[in-house]
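S.K.: Fold the following for me, if possible:
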Amino acid sequence: MLLAGVLLAAPLSAQAWQQPAANAARVARAVHKNAAAVDQQRAKVQDLQHDVAAQEAGSRAAAQRLEQQDAEIAELQRQLQAAQQAGAGAAPGKGH
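M.R.: So this is what the prediction gives:
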């Protein structure tokens, strides 16, 4: 009877040892899969950050060009106004 109990307990104890190992293997696979997913997401974030930085640089360059053009337009308007005032002052003298 004692022998029967030992023989029955042996497969149970082997199974008890195998189940945690199987669980550990499943957990390890899940951790590896999640780590790979995190790495992929991290790479996507880096790509997006690079794209955003490039767009911001382009926007800053465009803003600087617009500011330069605005300054040029303002200077041309001042020159035009000065020319119109000089021409308006000289025009009445021509007619008299």
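S.K.: what's the helix or strand for residue 69?
M.R.: helix 2-95 (DSSP states H and E).
S.K.: and that helix, how far out from the chain's middle?
M.R.: When C-alpha coordinates are averaged (CA atoms, centre = their mean, to the nearest Å), helix 2-95 and its chain have centres 0 Å apart.
S.K.: by contact count, what packs against that helix?
M.R.: For helix 2-95, there is no helix or strand it packs on, judged by 3 or more CB pairs under 8 Å, 6 or more residues apart in numbering; DSSP states H and E. Backbone N, C-alpha and C define where each C-beta goes, glycine included.
S.K.: average model confidence for it?
M.R.: For helix 2-95, mean pLDDT rounds to 85.
S.K.: i'd like the first residue to be 49 from this point on
M.R.: Yes, from this point I'll number from 49; that puts the last item at helix 50-143.
S.K.: and residue 126, how far is that from residue 109?
M.R.: Counting by CB to CB, to the nearest Å, the separation of residue 126 from residue 109 is 26 Å.
S.K.: scratch that, residue 95 is what I was asking about
M.R.: 21 Å.
S.K.: likewise residue 128?
M.R.: With CB to CB as the criterion, residue 128 and residue 109 are 29 Å apart.
S.K.: What of residue 70?
M.R.: For residue 70, the distance to residue 109 - CB to CB - is 59 Å.
S.K.: dump the residue contacts of residue 129.
M.R.: Residue 129 sits next to no residue when contact means CB atoms under 8 Å, 6 or more residues apart in numbering.
S.K.: how close does it get to residue 117?
M.R.: 18 Å.
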